[in-house]
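J.: Sequence first, then the predicted structure, then my questions.
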Amino acid sequence: MNNAEGPREPYLFALTLGLLVIWAGLLFGGYVLGKRTETNHQRIPRAARMLSSLALVLAAWAFAFFSDEEGMGFRGFVAFGMTFGFLGDLFMAGVIGKRNVIGGMLAFGTGHMLYIAGFSVLATIPALAERGAALVFWPVLLAWMIALACWYGVVLRPASQRTTLHWLALPYSILLATTLGVAVGAALMLGQGQAWLPVIGAALFLLSDLILAAEMFNGLTFKRVAIGDVVWLTYGPAQMLIVYGAAVIGTSV
């Protein structure tokens, strides 16, 4: 699957490389140069976090728009997924009114359903589907078991009082785990090294969410680094690997 056709390809490469540099500068530069304040308890400024996420949205849509017909469906789902992820960032950062955890979870959850749909598009390619649905079924089942264990150990078991948010965290965790499992299944069917980049991204996303859940429900903190910075330094690369990893996946087998 080519990223673009004809003379547009160099422009796509330059655009997406530039957006990647901007993303890294905002996220990692924001951490290196940023300082904690009374209103922002983490080093990465809120504006830098939101703009880094926006850079990935633009890159995802660039990859989708300049894809060939076969790749446009897969990358289009990823672009929509990243867009909803950006919306979730706005909810969680309090850019849209006050900080809205449930709104953020709904936006992120929608984004992951779109990621799942995108990887499912790959599974419908006849040459790949012939390799067997088990390549998707078993990774998804294993990912669900891991998510259930993490949810019980980090969210439910330590809770002295169980709220609606505690229970909503379960289907949300299962959804994130499904993204990971489907990405693993797609990588196994494709048999391409680059197909594992979104897998790493989905795993980092699950790890980032686990750290955030430990902070929200158990008050997890780190001595030398703000928990919010840890979350973003895992979440940001997670989204980047999904977006840019999807761009280099080929569907020819």
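T.: Looks like it arrived, so ask away.

J.: CA only for contacts and neighbour counts going forward, please
T.: Noted.

J.: in the strand or helix carrying M189, what counts as buried?
T.: Element membership for M189, per DSSP states H and E: helix 164-190. Residues 166, 169-170, 172-190 are the ones in helix 164-190 that count as buried (16 or more other C-alpha atoms under 10 Å).

J.: what's the weakest-modelled helix or strand in this protein?
T.: helix 126-129 (a mean of 55; mean pLDDT, DSSP states H and E).

J.: how much does the helix or strand following that one deviate in direction from helix 164-190?
T.: Scanning forward in sequence from helix 126-129 by DSSP H and E, the next helix or strand is helix 134-150. Per axes from the mean of the first three to the mean of the last three C-alpha atoms, to 10 degrees, the angle that helix 134-150 makes with helix 164-190 is 150 degrees.

J.: Check which helices and strands helix 134-150 sits against.
T.: helix 164-190 (3 or more C-alpha pairs under 8 Å, 6 or more residues apart in numbering; DSSP states H and E).

J.: any idea how far the helix it packs on is from the chain center?
T.: 11 Å (C-alpha atoms, centre = their mean, to the nearest Å).

J.: Packing partners of it?
T.: Looks like helix 164-190 contacts helix 101-123, helix 126-129, helix 134-150, helix 197-218 (3+ C-alpha pairs under 8 Å, 6+ apart).

J.: Could you rerun that using 7 Å?
T.: Contacts defined by 3 or more C-alpha pairs under 7 Å, 6 or more residues apart in numbering; DSSP states H and E place helix 164-190 against helix 101-123, helix 134-150, helix 197-218.

J.: now what about the second one, what contacts it?
T.: Contacts with helix 134-150, where a contact means C-alpha atoms under 7 Å, 6 or more residues apart in numbering, come from S173, I174, A177, T178, L180, G181, V182, V184, G185, A186, L188, M189.
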